[in-house]
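*Asks:* Quick one: sequence plus predicted model below, questions after.
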Amino acid sequence: MLNKNIKLIIAGLIVITSIWQFAENNIGNGIFLLLLTAIPIFLYYRNEFILLAFLKLRKQDFEGAQKWLSFIKNPESALIRKQQGYFNYLHGIMLSQTNINQSEKYFKKAIELGLSMDMDLAVAKLNLAGIALSRRRKLEATNLISEVKKLDKQNMLKDQITMMKDQMKKI
């Protein structure tokens, strides 16, 4: 895995090579190299290992997703802030199946670092509400569920929200 700054250096070197190709009247090579610059810039904003982990999670392959995330050794230096949020979000989702205490820590850190999509933020807060509900913190769970309702604009989490509310009535 390349550091985020190395990806920008590679993009800069490709642009310089492209300018050199334009100066040598190799217009086709210059245009191709400019288009090739998009790859390291894309990978700067979207980490390749996080993308592969999301693909594994879509197939419910938690071990495969964990394998791809394990390639990221030092997330603070290798990832930008939003990617660190998604790194923690993915760890929280995977640990929510086995260890609720650790998953709560990861979800809180993911929310703190920021997630770019409202749906991901809603899922993280819904998981935190479930954890708070399991620990009998009804007020915290109620606040989180109200935030989830605001974030869930497409009503994809409506069933989960109603299940949480039904569980809160039992407490």
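*Replies:* Good, I have the coordinates.

*Asks:* which residues does Ile80 contact?
*Replies:* By CB atoms under 8 Å, 6 or more residues apart in numbering, the contact set of Ile80 is Lys4, Tyr44, Tyr45. C-beta here means a position set from N, CA and C on the backbone, and glycine is covered the same way.

*Asks:* Not counting its neighbours along the chain, what's nearest the last one?
*Replies:* In this case it means Tyr45. Leaving aside its sequence neighbours, Tyr45 sits nearest to Ile80 (CB to CB, 6 or more residues apart in numbering; 7.1 Å).

*Asks:* Sort out which of the contacts of Ile80 are buried, if you could.
*Replies:* With neighbours counted by 16 or more other CB atoms under 10 Å, the contacts of Ile80 contain buried members at Lys4, Tyr44.

*Asks:* In CSV: the contacts of Ile80, plus pLDDT, secondary structure and distance to Ile131.
*Replies:* Converted to CSV, the contacts of Ile80 look like this (pLDDT from 0 to 100; DSSP: H, G, I helix; E, B strand; the rest coil; distance: CB to CB, whole Å):
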residue, pLDDT, secondary structure, distance to Ile131
Lys4, 82, helix, 31
Tyr44, 87, helix, 33
Tyr45, 86, helix, 30
